[in-house]
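Provide a 3D model corresponding to the input given below.
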Amino acid sequence: MKTTLDLSDELLARAKRQAKKQGKPLRAIVEEGLRLALQAEAGRRSRYRMPDRAVGDPRAGNPLESLSWQDLRAEIYGGR
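Below is the predicted model:
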């Protein structure tokens, strides 16, 4: 895909020198730089972990399991 980039003259000159030194086209140097920058960014971000907001003893049984649907609905809605 073609695109237009606005680079500083110094950065472009350095990139061209690097490309010539490595025997690669300028496009390859720019792609490599973008890949490295995006890879570094992905490494800095950690996955979000949901905080544990559990209450009570996790080994205890579920007190709502023994309720019928009508009793459970009454428990949830409080008689509304």
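
what mean pLDDT does the top helix by length along the chain have?
As assigned by DSSP state H, the longest helix anywhere in the chain is helix 26-44. Helix 26-44 carries an average pLDDT of 88.

Just the CA coordinates for it, please, in CSV.
Extracted in CSV, the C-alpha atoms of helix 26-44 (Å, rounded to 0.1, in the frame of the first residue of the first chain):
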residue,chain,number,x,y,z
LEU,A,26,14.1,2.6,2.2
ARG,A,27,10.7,1.0,2.4
ALA,A,28,12.2,-2.0,4.2
ILE,A,29,13.9,0.2,6.8
VAL,A,30,10.6,2.1,7.4
GLU,A,31,8.6,-1.1,7.7
GLU,A,32,11.1,-2.6,10.1
GLY,A,33,11.1,0.5,12.3
LEU,A,34,7.3,0.5,12.4
ARG,A,35,7.2,-3.2,13.3
LEU,A,36,9.7,-2.7,16.1
ALA,A,37,7.9,0.4,17.5
LEU,A,38,4.5,-1.4,17.5
GLN,A,39,6.0,-4.6,19.0
ALA,A,40,7.6,-2.5,21.8
GLU,A,41,4.2,-0.8,22.4
ALA,A,42,2.4,-4.1,22.6
GLY,A,43,5.0,-5.4,25.1
ARG,A,44,4.4,-2.4,27.4
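
S66: which element?
Assigned by DSSP states H and E, S66 belongs to neither a helix nor a strand.
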